[in-house]
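**Q** task: produce atomic coordinates for the following.
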Amino acid sequence: MAAAHFPRRHGQRNKTASLRRFAIAALAVFLQALPAPAQPSTTRKSASPTGSQIYLVFPFENVGTSPRLDWLGEGLEELTILRLSAAGESVYSHTGRINELDRYGLPPGAKLSRATMLRLAEDLDVDFVIFGSFASDGSTLTVESRILRVNPPALFPEVRESAPLDNLMDLQTRLAWRTLSSNDRSYPLSLAEFSKKQRPLRLDAFEHYTRGLLASDDEARLRELREAARLEPDWPEPDFWLGEVYFARRDCNSALPWYDRIPKTHNRYAEAVFTTGVCRLLLSQPDRAAEVFTSLREALREGGSSNAAAGNAGSSSVIAGGDLPEILNNLALAKARLGDLSGAQTDLQRAADLDPDEDDYPFNLGLLSLQGNDPGNAAGYFREASEREPDNAEDRALLIFSLDLAGRKPEAEQERNSAVESFGPAGLPGIHLDAKSDTLTHMARVKTELDTTSLREEIRPAEAAATGSDAPPADSAESHVRRAHQQLSASHVDSAESEFRAALALDPKNASAHRGLADIARRHGDLEEAVTQLEASLQSRDSAVVRVTLARIYLEQKKPDQARAEVQHALKLEPNYAEAKELLDHLQSRKPSGATP
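**A** Numbering: from 1, shown residues only. Okay, here's the model as predicted:
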């Protein structure tokens, strides 16, 4: 059966390179014909359980004749993720994979070629892909697994295990261990050590859990997940997803008890705490929300280093490093509702600096200024929001409203005429502000999703440094790029730039380093340098995502024709790329650059 799209919170865009690495979308070869490496132990980066490598797991294909086992496709994906995570590996979640497919306009259950798997893996900047197949003769289950290395591309030999279906848990433990160890002779864990790290699970509980993830409606999801939680009351996975289903329905009173059951050592703990804070905001409990976001902010700053250094199993649940803009935004909204407008402004400004593409943060700063009876300052923030996201009609409407309120009628009229051209005569929403005390509550933009990709990007170098294990060599281009991304996440832009340039000194064609320098140039408003760096990145590896980024910069430079050309090129590379389609629609609706009114 096709996998249902598990509820997403709001389709948040991951637009900033500091929070999410840009893609390397083009592929020159088809991997089906790739020979296996002759010496896996020397050609493959070590898969040691330190979090220094990142894995992306795809559903296993049912090549048997029994459709009643179709649930095992995603079930084996999820079980592989759980097994690798328990052994200390960094693995993208099932939901992370679904969201990436959605970004490219691909259905969750799409059968993908190895070439497409590689493109998605490059986009997420992972190191290895795991995929496989399974079949059953009615009594025995046979599962095959393979590893695909991303850079340089290499396909490793398959690993196969067979056992009665009732022994699925033990079978998959052996398979996951062999998948790692057979392709890396230096893998440090024996099968006994690997197995000891795994949580014993009932097969029936795991089946209910998987069917809950795949269910097509909320009631079926809740029914299956509740049964999984009943059968395995100490297993956090169904608890977390029950919280997610209720939160997607904005039933916070039902979601909170399930989130409260997630232990601090679990890799979903940060998300559970973050959503608990969101619920406190939605329930009009700003004091409790502020407590939650403040404690999470401190945990992410301080807890990661101590946990990783101590070797705690849950070290990947929190990180060391800088602030995350989503947390700062929501903490600011809680402070504002409590009357601390100065503290709210400080946190929002830092969020805006950390994520220079996101328009929600200057938008909320504009609302703060309106609440403080400063429409002139509000207009500046709403203008910044409009420049960050030109397609957002609400940003533009509040800019015009603030200009009118500040008595700057000519500017307001100019913006109004421009908005008519961009959105049509009735394209702007009406602005009806309530009393000052309600302005922030009703119009402020709460961030409802924590960008766990940025957490993952910081976890990897932090844990590798803490354990002193098989991290990339200190002077490799890869190690410099990873340190640069960590510095960017901590808002240490100058240090990040130095690391990117050090990477290019070792590897002048390093596409990731060029993209990082482009992001920094864009932060500084140097659009020409950003274009130069992105073009250098494209010379190394063509990429639909990079071309869309380049198109957005051309739009900022008032060069719509060049922007259109980049988007069209991006769609030739990735015909289903949703963001490129949306941008092209926007460009097609604009007047040609040479048109006259």
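
**Q** identify the residues contacting the strand or helix carrying I400?
**A** According to DSSP states H and E, I400 maps onto helix 393-405. Applying C-beta atoms under 8 Å, 6 or more residues apart in numbering, the external contacts of helix 393-405 come out as 359, 363, 366, 369-370, 375-376, 378-379, 382-383, 385-386, 389, 409, 411-412, 415-416, 419, 422-423, 427-431. For glycine as for every other residue, the C-beta is placed from the backbone atoms N, C-alpha and C.

**Q** of these, select the buried ones using a PyMOL command.
**A** Per 16 or more other C-beta atoms under 10 Å, the buried members of the contacts of helix 393-405 correspond to this PyMOL selection:
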select buried, resi 359+363+366+369+370+375+378+379+382+383+385+386+389+411+412+415+416+419+422+423+428
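
**Q** next, count neighbours for the closest residue to E556 other than its chain neighbours.
**A** Nearest residue to E556 in three dimensions, chain neighbours excluded: L527, at 6.0 Å (C-beta to C-beta, 6 or more residues apart in numbering). Residues near L527, counting by other C-beta atoms under 10 Å, number 16.

**Q** ok, L527 - contacts?
**A** 521, 553, 556-557.

**Q** any low-confidence regions in the protein?
**A** 1-52, 302-322, 434-440, 451-475, 482, 486, 489-491, 590-597 (pLDDT under 70).

**Q** please, where are all the strands along it?
**A** Counting by DSSP state E, the chain has strands at residues 54-57, 61-62, 90-91, 128-136, 140-149, 154-155, 159-164.

**Q** list the helices and strands the fifth one packs on?
**A** Just to be clear, that refers to strand 140-149. Packed against strand 140-149 by the contact rule (3 or more C-beta pairs under 8 Å, 6 or more residues apart in numbering; DSSP states H and E) you find helix 114-124, strand 128-136, strand 154-155, strand 159-164, helix 168-181.

**Q** swap in 6 Å and give it another go.
**A** Packed against strand 140-149 by the contact rule (3 or more C-beta pairs under 6 Å, 6 or more residues apart in numbering; DSSP states H and E) you find strand 128-136, strand 159-164, helix 168-181.

**Q** okay if I get those as JSON lines plus mean neighbour count and distance to L333?
**A** Formatted as JSON lines, the helices and strands packed on strand 140-149 follow (neighbours: other C-beta atoms under 10 Å; distance: least, C-beta to C-beta, whole Å):
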{"stretch": "strand 128-136", "mean neighbour count": "22", "distance to L333": "39"}
{"stretch": "strand 159-164", "mean neighbour count": "17", "distance to L333": "49"}
{"stretch": "helix 168-181", "mean neighbour count": "22", "distance to L333": "42"}
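
**Q** mind checking which of these is nearest A229?
**A** When the helices and strands packed on strand 140-149 are compared by C-beta to C-beta, helix 168-181 sits nearest A229, at 17.8 Å.

**Q** contacts for that closest one, please.
**A** 47, 79-80, 83, 143, 145, 159, 161, 163, 187, 191, 194-195, 198, 201, 203 (C-beta atoms under 6 Å, 6 or more residues apart in numbering).

**Q** just the buried subset of these, please.
**A** Of the contacts of helix 168-181, these count as buried by 16+ other C-beta under 10 Å: 47, 79-80, 83, 143, 145, 159, 161, 163, 187, 194-195, 198, 201.

**Q** between the residues you listed, which sits nearest N62?
**A** V143 (10.7 Å).
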